[in-house]
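**Q** build me a model from this:
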Amino acid sequence: MNQGEELPLFTKTMDFLAWLTAVTNHFPRLHRQTVTRRLLDAALNFQEAILEANSRRGPARLEWLLAADAQLDKVRLYLRLAHRLTWLSLGQYEHGSHMVSEIGRLLGAWQKVTRSSAERQQSA
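**A** So this is what the prediction gives:
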């Protein structure tokens, strides 16, 4: 995948991080060092993993993309928990979930292209 194709993933991730940072400022202070921190860390770890993947090639890229996928799963988990604890309204939860789903689709497409490229290189 070239830089032009990756741009939407990076842009949407930055948009999500900006939204998430703002919304978590309203989470209860008591939980800012636990659940809130883990949610933000997972989102930031996701961003770092896609940045690392972008600088790698071949199997190393795929490893970082898989690590990013694992971090995105954590983001989904903590968003659900925040909604269940009523820290996120239904509208906020739906908006955040939609953003994460879109990011996940873009990540999945990048993984697919990376796998195809690796398979072509192995068969050559």
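**Q** could you use CA atoms for every contact and neighbour count after this?
**A** Fine.
**Q** which stretches in the chain count as helices?
**A** With DSSP state H as the definition, the chain shows helices at residue ranges 3-24, 35-54, 58-84, 90-123.
**Q** so for the last one, what gets flagged as buried?
**A** By 16 or more other C-alpha atoms under 10 Å, the buried positions in helix 90-123 come out as 92-93, 96-97, 99-100, 102-104, 106-107, 110-111, 114-115, 118.
**Q** now the second one
**A** Neighbour counts using 16+ other C-alpha under 10 Å place 35-36, 39-40, 42-47, 49-54 of helix 35-54 among the buried residues.
**Q** which residues sit against stretch 55-65?
**A** Under the contact criterion C-alpha atoms under 8 Å, 6 or more residues apart in numbering, stretch 55-65 has outside partners 49-50, 52-54, 107, 111, 114-115, 117-118.
**Q** which residues touch Ala43?
**A** Going by C-alpha under 8 Å, 6+ apart, Ala43 touches 17, 71-72, 75.
**Q** quick check: the farthest pair among these?
**A** The largest separation in these, counting by C-alpha to C-alpha, is between Leu17 and Gln71 at 13.4 Å.
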